[in-house]
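how would this look folded up:
(chains A and B)
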Protein chains: 2
Amino acid sequence: MPIVVQKFGGTSVADAERIRNAAARALRTQAAGKHVVLVVSAMGHETDRLVDLARQVSPKPPRRELDMLLSTGEQVSIALVAMAIHEAGGSAISFTGGQVGMVTDSEHTRARIHSIDAERIEAALRDGQIAIVAGFQGIDAERNITTLGRGGSDTTAVALAAALQAETCEILTDVDGIYTTDPRIVEQARKLERISYDEMLEMASLGAGVMHGRAIELGKKYGVPIHVRSSFTDKPGTIIMAATPGMEEVAVQGATLKRGITRVTLAGLPNQPGITAAIFEEIARRGLFVDDIIQNVVLTGSHADHAERATLGFTVEGAEEHEIREAVEQLRSSFDLSDADVNPQLARVSVIGVGMRSHRGVAATMFQALAGARVNIENIATSEIVISVLVSTDDAETALRAVHEAFALGDAPAP
Amino acid sequence: MPIVVQKFGGTSVADAERIRNAAARALRTQAAGKHVVLVVSAMGHETDRLVDLARQVSPKPPRRELDMLLSTGEQVSIALVAMAIHEAGGSAISFTGGQVGMVTDSEHTRARIHSIDAERIEAALRDGQIAIVAGFQGIDAERNITTLGRGGSDTTAVALAAALQAETCEILTDVDGIYTTDPRIVEQARKLERISYDEMLEMASLGAGVMHGRAIELGKKYGVPIHVRSSFTDKPGTIIMAATPGMEEVAVQGATLKRGITRVTLAGLPNQPGITAAIFEEIARRGLFVDDIIQNVVLTGSHADHAERATLGFTVEGAEEHEIREAVEQLRSSFDLSDADVNPQLARVSVIGVGMRSHRGVAATMFQALAGARVNIENIATSEIVISVLVSTDDAETALRAVHEAFALGDAPAP
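The predicted structure is shown next:
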């Protein structure tokens, strides 16, 4: 019998009624002839409540103890979902990460999965039970409880689907699929029937927040089809899967917008070996995340005895402007820079599509669309399946709409 | 280095401040040259909150899943206490029941401990850490999470103290020790320095609610001294230990009062084999707890052809009067009884002392005291270290004071 893994996020098990709904969906899936494995997150704001308890005791708790604490959130959920399935007349058994041999490394609060011992789940399925597994958690070799960090429950679900050779891993959430772009900004945004792992990875890292990249990577590695769909309806969502010939006929699958990009330009760097490394080290030490390195131009001096000076540009994401300005001031004085510029009002608009590998003119179409919308391009970056432009935050939504329109992303694809 | 096990109940870890206090006490004990093992209950009303969550989902949840749910309460506490010790500059590590090999049978919600693998705790202690163990929980042979039922965390603590050969097991609670009787009723009640396991077992079963009998039995079995003391002060409490010659000089150690006793008298039972068993079966089937069987008198009929008829009296504890009356009505019609009487307004007053084995006149002193206080005795029951009388609830406090006074329990013992 085929196995389906269904993952319910925190909003989908936030109260008794939603827990009953999740139980009912699992039973319907079982009645349709599938073995069902559920992966469940902590209820609604339970993790926040636990983090707050920890903060009352310690501003910086040991990470092992934080994992001991936070892992209870999912344990509460699995027990309640199991009770709801029993109450609805079904048969279910809940398992902690440790009980299903979800063995990770010992990097508490951000552990990575080493192996899964699926035997106990398989035994439960053979008995006709629905197996319910706590998301987000595992154990290390010494049975210390670990957690997987951001996107953890999705990662648990995809890893289990891989280990059990499930036919699909459903991510049940509060949105009904992956859209060509953010429907809150572009009304014409269209739900995709399917998208490739590579495209979804880029969409996720470029701001489409439905799934964490880590779970998608795992799905790609083991070829697990991931079905992102609403927990509130039975309508199909979007299937994340390997690229197919049919998919490649479309050049561009989606467009994303990410705000909060700051561009830093440092001018007059002494052109010594290791200077760039030293600068990025200082930036990293301050907890700032460098995204793109934009330019690294060596300006040769007119006289042989003049030291050569370089200009370095890069973008920083998701940091407060004052943090960045402090860091830049520090760099200016430490490295004796001639000039340093901080431009904190930028956004990145990107188009993503595996198809652009074989289609010419994608970049030209994008730039024409932006020109037609009178959007100034501050910088351009490309990879094999992404073209990104930096624009001012004021122009960002206009730019996204223009690009979405230019690639006709709102139109249903040819059948 | 000697090992001390300290058990903190729910009120002693009810909030961040009390958790910090518990941490500080553990660190003081460690600084005094002890290895410290903490056993911690769920915070304040956490277990009630979890039970309520379960009820919202299922009125009668499977016991395995209830254990999965409830065991999170202690897991939260141990993580927070570990954080508090770190925050105070100490070193601590928390363990679930499963992580310290607290292996039980599979009787969910009332499991009994089979074995403890103390190796991991001992390793933590050798490293200079305070080991913090979740009370109330264990795992069965298949690593299913179990809970130990009522008095569970005390049982965990005493079992660990036995396994670790600890010098003492401290039960830190919201009272400061064991008293000769209930100080809310008898002002002269005196805190005992020490009491024997046997006396404490009787005190516990007769209404002194500080500790559950199960943990005391375990302490007796393995000879673990149990120190019941306040978590809010450093004053010594009461040590529960094996009887010593010195202790036996005191005839009576304490007196207890238990309300809510109902006496049932069934008259005119057909004197057939198995009739008493059938009656008690019916009583048990209704969830009523029979305490003492008071009398079982066979009345021989005056004519040989008359069937012999018997009278059966017993007490029922802690049940609603209407439940008992319903059961008795049922019994009267099922067994064709000539009469059935229910007396629901009784209380049991008892005196307890290992010393009464070798002292004469304890019963006489008790009856004289009650007679002097004009208290009518409804029934008398004795065991080797207990004399109990049933009195009307209205007379109960008068009776307790009279007995406490008659045995001079409020006076400090001779040094």
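
which one is residue A:109 nearest to, not counting chain neighbours?
residue A:63 (4.6 Å; CB to CB, 6 or more residues apart in numbering or on different chains). C-beta: built from backbone N, CA, C; applies to glycine.

center of chain A, which residue is that?
Chain A has residue A:212 as the residue nearest its centroid, 2.4 Å off, counting by CA atoms, centre = their mean.

next one: phi and psi at that one?
Main-chain torsions, residue A:212, degrees, to the nearest 10: phi -80, psi 140.

how about it, what does it touch?
Applying CB atoms under 8 Å, 6 or more residues apart in numbering or on different chains, we find residue A:212 in contact with A:150, A:151, A:154, A:155, A:204.

run the last query once more with 6 Å
Contacts for residue A:212 (CB atoms under 6 Å, 6 or more residues apart in numbering or on different chains) come out as A:150, A:151, A:154.

show me the contacts for the nearest residue to it once chain neighbours are set aside.
Distances taken as CB to CB, 6+ apart place residue A:151 nearest to residue A:212, at 2.3 Å, with adjacent residues excluded. Contact analysis of residue A:151 by CB under 6 Å, 6+ apart lists A:212, A:214, A:215.

can you classify residue A:55 as helix, strand or coil?
helix (DSSP: H, G, I helix; E, B strand; the rest coil).

ok, residue A:413 - contacts?
By CB under 6 Å, 6+ apart, the contact list for residue A:413 reads residue A:250.

tell me, what's the model's pLDDT at it?
On the pLDDT scale, residue A:413 is placed at 71.

do the same with residue A:212
84.

I'd like to know how far it sits from chain B.
Residue A:212 is 25 Å from chain B, where distance means CB to the nearest CB, to the nearest Å.

please apply the same query to residue A:403.
For residue A:403, the distance to chain B - CB to the nearest CB - is 47 Å.

mind listing what that residue touches?
Contacts of residue A:403 by CB under 6 Å, 6+ apart are A:255, A:351, A:366, A:369.

could you rerun that using 7 Å?
A:255, A:349, A:351, A:366, A:369 (CB atoms under 7 Å, 6 or more residues apart in numbering or on different chains).

repeat for residue A:407
Counted by CB under 7 Å, 6+ apart, residue A:407 has contacts A:252, A:351, A:365.

so for it, what's the pLDDT?
93.

what's the neighbour count on the residue in the stretch 251-400 of chain A that chain B sits nearest to?
In the stretch 251-400 of chain A, the residue that lies nearest chain B is residue A:287 (22.4 Å; CB to the nearest CB). By other CB atoms under 10 Å in any protein chain shown, the residues close to residue A:287 number 9.

quick revisit: just the ones of the contacts of residue A:407 in helices?
Cross-referencing the contacts of residue A:407 against helices under DSSP state H gives residue A:365.

out of the contacts of residue A:407, who's nearest residue B:29?
Lowest distance from residue B:29 to these (CB to CB) belongs to residue A:351, with 64.6 Å.

my guess is the closest one contacts residue A:256. True?
No - Residue A:351 is beyond contact range of residue A:256, at 8.2 Å (criterion: CB atoms under 7 Å).

top helix in chain A by residue count?
helix A:63-87.

ok now it, how far from the chain's centre?
23 Å (CA atoms, centre = their mean, to the nearest Å).

same for that helix, what does it pack against?
Contact here means 3 or more CB pairs under 7 Å, 6 or more residues apart in numbering or on different chains; DSSP states H and E; on that basis helix A:63-87 packs against helix A:16-31, strand A:35-40, helix A:46-57, strand A:92-95, strand A:130-134, strand A:145-147, helix B:46-57, helix B:63-87.

what's residue A:6 sitting at in phi/psi?
Dihedral angles (degrees, to the nearest 10) for residue A:6: phi -120, psi 120.

and it, how far from residue A:74?
15 Å (CB to CB, to the nearest Å).

these two - which one has more neighbours?
Ranked by neighbour count (other CB under 10 Å), residue A:6 and residue A:74 place residue A:74 first, with 31 against 28.

check whether the more buried one really touches residue A:42, as I assumed.
Yes - at 5.2 Å, residue A:74 and residue A:42 qualify as touching, with contact defined as CB under 7 Å.

ok, residue A:220 - contacts?
Taking CB under 7 Å, 6+ apart, one finds residue A:197 in contact with residue A:220.

what segments of the stretch 301-415 of chain A are helices?
A:321-335, A:362-372, A:396-406 (DSSP state H, counting those that start in this stretch).

most tightly packed of those helices?
Mean neighbours per residue, mean count of other CB atoms under 10 Å in any protein chain shown, is largest over those for helix A:396-406, with a mean of 22.

just want the angle from that helix to helix A:362-372.
130 degrees (axes from the mean of the first three to the mean of the last three CA atoms, to 10 degrees).

using PDB, write out every CA atom in helix A:396-406.
Presented in PDB, the C-alpha positions along helix A:396-406 are these (Å, rounded to 0.1, in the frame of the first residue of the first chain):
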ATOM      1  CA  ALA A 396       9.800  47.400  -6.000                       C
ATOM      2  CA  GLU A 397       6.100  46.600  -6.400                       C
ATOM      3  CA  THR A 398       5.800  48.300  -9.700                       C
ATOM      4  CA  ALA A 399       8.800  46.300 -10.900                       C
ATOM      5  CA  LEU A 400       7.300  43.000  -9.700                       C
ATOM      6  CA  ARG A 401       4.000  43.700 -11.400                       C
ATOM      7  CA  ALA A 402       5.800  44.700 -14.700                       C
ATOM      8  CA  VAL A 403       7.900  41.600 -14.700                       C
ATOM      9  CA  HIS A 404       5.000  39.300 -13.800                       C
ATOM     10  CA  GLU A 405       3.000  40.800 -16.700                       C
ATOM     11  CA  ALA A 406       5.900  40.700 -19.200                       C
END
